[in-house]
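Novice: Sequence and predicted model, in that order:
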Amino acid sequence: MKRSLNKFYSLALLASLAVVSTPSLAQMYVAESTTSNGTSLNLVLPVNLPSTTAGNYWTGLLNITPSQTKGGAGSSFAAFCIDPFQYSNAGVSDYSVSSGLGSLGSTQATWVSNLYSQNYASSIGNATGAAAFQLALWDLAKDDGVLTTGKVKVSASTDSSVVKLADSMITGAKTGPGTSPYSLSIYNSPTAQDYLVASVTPVPEPESYAMLLAGLGLMGAVVHRRKNTPA
């Protein structure tokens, strides 16, 4: 009987792990294309290090297409760059996907999560909003969260309307979360820039909770019955 119960608990544990774990996908290529939602900004980014000279960078929403072969077909979806240290490179095949923001520091992960929950939906539909969101994301995820200091900095010729909006987003992200939660995944590469992809976090329907409770009750009943069954 002890062996049967151990087997039951082992199966339950495996089932729970299958639900909560999200394995990384196989190595892949990621092709990138810009959209109309963004603009070129004069910025100082760490991709220029050791130089501190400002450069002209596309800043805004992107479309990325992951595939198993270079130039291969695949589904395209919106993404923002989360890596101001490297340029994009669709010719490498060393991308993998990780769920969540575990690769960031705890403070940075909180800031980025807040940024998305407050501003993502309203920023992707216009050039100024998307550019400001990208600038705020770079600074919150990879720098000090201040646009005039650190490795991600604006210059005297950076579009003032973008800077003002990005500053507002940064201040809000440091204050607390918004009302729209997202599930976030990072497309990682050691040799090219990384991308952050957001998807709406589903809210379970009441029927889902009822099914979950019923399943837990059934598992408890099975365990109770097996405990009272003579060996």
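Specialist: Received, thanks.

Novice: And residue 50, how far from residue 151?
Specialist: Going from residue 50 to residue 151 by CB to CB, to the nearest Å gives 11 Å. In short, each C-beta sits where N, CA and C put it, glycine included.

Novice: give me every residue that touches the spatially most central residue of the chain.
Specialist: Taking CA atoms, centre = their mean, the centroid of the chain lies closest to residue 184, which sits 3.1 Å from it. With contact taken as CB atoms under 8 Å, 6 or more residues apart in numbering, residue 184 is in contact with 99, 100, 101, 112, 113, 116, 196, 197, 198.

Novice: neighbours around the second one, how many?
Specialist: Meaning residue 100. 13 (other CB atoms under 10 Å).

Novice: What pLDDT is listed against the closest residue to it other than its chain neighbours?
Specialist: With sequence-adjacent residues excluded and distances taken as CB to CB, 6 or more residues apart in numbering, residue 100 is closest to residue 184, at 6.4 Å. Turning to residue 184, the model gives it a pLDDT of 96.

Novice: On the strand side of things, show who residue 184 bridges to.
Specialist: residue 198 (DSSP bridges).

Novice: helices or strands up against the strand ranked longest in the chain?
Specialist: Longest strand in the chain by number of residues, with DSSP state E as the criterion: strand 29-44. Strand 29-44 sits against strand 55-67, helix 127-142, strand 153-154, with contacts defined as 3 or more CB pairs under 8 Å, 6 or more residues apart in numbering; DSSP states H and E.

Novice: Using TSV, please lay out those together with mean pLDDT, mean neighbour count and distance to residue 105.
Specialist: Listed next are the helices and strands packed on strand 29-44 as TSV, based on pLDDT from 0 to 100; neighbours: other CB atoms under 10 Å; distance: least, CB to CB, whole Å:
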stretch	mean pLDDT	mean neighbour count	distance to residue 105
strand 55-67	93	20	23
helix 127-142	97	25	9
strand 153-154	96	20	20
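
Novice: how about these in TSV, adding distance to residue 35?
Specialist: Formatted as TSV, those follow (distance: least, CB to CB, whole Å):
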stretch	distance to residue 35
strand 55-67	5
helix 127-142	8
strand 153-154	23
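
Novice: Buried only: go through the contacts of residue 184 for me.
Specialist: For the contacts of residue 184, a burial check counting by 16 or more other CB atoms under 10 Å picks out 101, 112, 113, 116, 196, 197, 198.
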